[in-house]
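K.L.:
quick one: sequence plus predicted model below, questions after.
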Amino acid sequence: MSERIKLQLSAMAHGGPALGRYEGRVVFVPYGAPGDTVLVEIETSKKDWARARLIEVVTPSPDRVSPLCPYFGPRGCGSCQWQHIRYEAQLRHKTAIVCDQLSRLAGFSDAPVRPMEPVGEPWAYRNHVQLHPALEGLGYISADDDRRVEPIAKCPIMHPLLAELYEQLDLEIEGLVQLSLRAGVRTGQRMVIFETEDEEPFEIEVDVPVSCVLLRRDGLPITLVGWDFLEEEVVGHRYKVSAGSFFQVNTAGAEALVHTVRDMLAPQVHEQLLDLYAGVGLFSVPMAQHVARVIAVEENPMAVLDAQENLRRAGVDNAEVIQGDVTKVLSTLEGPIELAVADPPRAGCGTAVVTRLVELDVRRLALVACDPATLARDARILRERGYGLVEVHLLDLFPQTYHIENVALFVRE
């Protein structure tokens, strides 16, 4: 029988669990909350740390609340991890996690981190959800087993446009692998994206305004009904977003990112801007009017076409979109390029990209990161290459989850 212990939880850790200390070891407890006294069962035991399963909340934290979703929990849906924590406390804990990661992984003992800012609503914010076939209906990957799908009837973090669409779905599609729902929350446009085993087009009937797309593994969209894209509005610009193109899942958060990056970089009309991992042009489109030239780099060919179209729609004539791997494209560019914004995938920029930014004489870099550990690793590399960390803004694009959107400003010293 596994060891059971009682402990006091004191903080939230990177990756989502709460933590406490027992006999000199850190014990990680998913679905705990700082201030809880809990009874737990040790599941993984190492020399300096352990991971435990929550058995009972003996004394609840003042910040513990009842989850809104009936599927939330260690054996339920895995999409949310923090619904049991009061929202104001979620913001506080996320700020502390970023400070801890920058201190431990990058050596910033007193990092200039601003308190996490709420963005929009803490519920019903997601404009994009990914669902999988379950034994009954559709659902999300379960919290305790990524091979199992937890069927759901509703989801409190879905935007109402998607919640309404989900309620109306009546599908029986053989070989369905994944189904995505997307919405332009400010345009009202909606899209259903199918991914199937055989990738063969099929007939589908709809009785609501919605586009339906079959997305192949190579990224090619096949239109079944309507269009293979939708549109969303951010900072006064209407963006085309194709079925296979990335766009922030929180529209209010996307707008907050644009304002934050623009304020951080403080662009001047004589400067050039490098937009790395540019996607559909979220930053390039509004920033182009403030600089002499924009060079956007994006690997996804569908997103490149979207970015080019979005720049054209905005009347931008001083921007170039280059398709390709960021590291390879950077090797072909010539400096100096004064400004850069980078919004890399979870793995971060890495040494090769940072080294090339130094060679291009980038003076100010706004780094957008969805993982504080990745931000810390890139921050350490940037500091070694002569960049100072000026400030870090935290925007809560993912309420009820442990995910954190960071925007950090680095200036060449």
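P.N.:
Received the coordinates, thanks.
K.L.:
domain map for this structure?
P.N.:
If you go by automatic domain parsing, the domain ranges for the chain are 4-64, 128-232, 246-412.
K.L.:
any idea which helix or strand carries residue 273?
P.N.:
Following DSSP states H and E, one finds residue 273 within strand 272-276.
K.L.:
average model confidence for that strand?
P.N.:
When pLDDT is averaged over strand 272-276, the result is 98.
K.L.:
contacts for that strand?
P.N.:
265, 267, 281, 283-284, 287-288, 291-297, 326, 330, 333, 336-344, 349, 353, 357, 360, 362 (Cβ atoms under 8 Å, 6 or more residues apart in numbering). C-beta coordinates here come from the backbone N, C-alpha and C atoms, glycine included.
K.L.:
off-centre distance for that strand?
P.N.:
Distance of strand 272-276 from the chain centroid (Cα atoms, centre = their mean, to the nearest Å) equals 21 Å.
K.L.:
can you show me the CA trace of that strand as PDB?
P.N.:
Output of strand 272-276 as PDB, limited to C-alpha atoms (Å, rounded to 0.1, in the frame of the first residue of the first chain):
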ATOM      1  CA  GLN A 272      12.600  48.300 -39.300                       C
ATOM      2  CA  LEU A 273      10.600  45.600 -37.600                       C
ATOM      3  CA  LEU A 274      11.200  41.800 -37.700                       C
ATOM      4  CA  ASP A 275       8.100  39.800 -36.900                       C
ATOM      5  CA  LEU A 276       9.100  36.200 -36.200                       C
END
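K.L.:
which SSE is immediately downstream of that strand?
P.N.:
helix 284-287.
K.L.:
same question for that following helix, mean pLDDT?
P.N.:
98.
K.L.:
give me the contact list for that helix.
P.N.:
Around helix 284-287, the neighbours that count as contacts under Cβ under 8 Å, 6+ apart are 234-237, 239, 258, 261-262, 265, 267, 273, 275, 278, 294, 296, 307, 310-311, 314, 316, 319, 321, 341.
K.L.:
in the host helix or strand of residue 393, which residues are buried?
P.N.:
Assigned by DSSP H and E, residue 393 belongs to strand 387-396. Going by neighbour count (16 or more other Cβ atoms under 10 Å), the buried part of strand 387-396 is 387, 389, 392-396.
K.L.:
please apply the same query to stretch 44-51.
P.N.:
Neighbour-count burial for stretch 44-51 [16+ other Cβ under 10 Å]: 50-51.
K.L.:
what does stretch 105-113 give?
P.N.:
For stretch 105-113, a neighbour-count test (16+ other Cβ under 10 Å) marks 105-106, 108, 111, 113 as buried.
K.L.:
got it, and stretch 2-11?
P.N.:
Of all the residues in stretch 2-11, those buried under the rule 16+ other Cβ under 10 Å are 5, 7, 9, 11.
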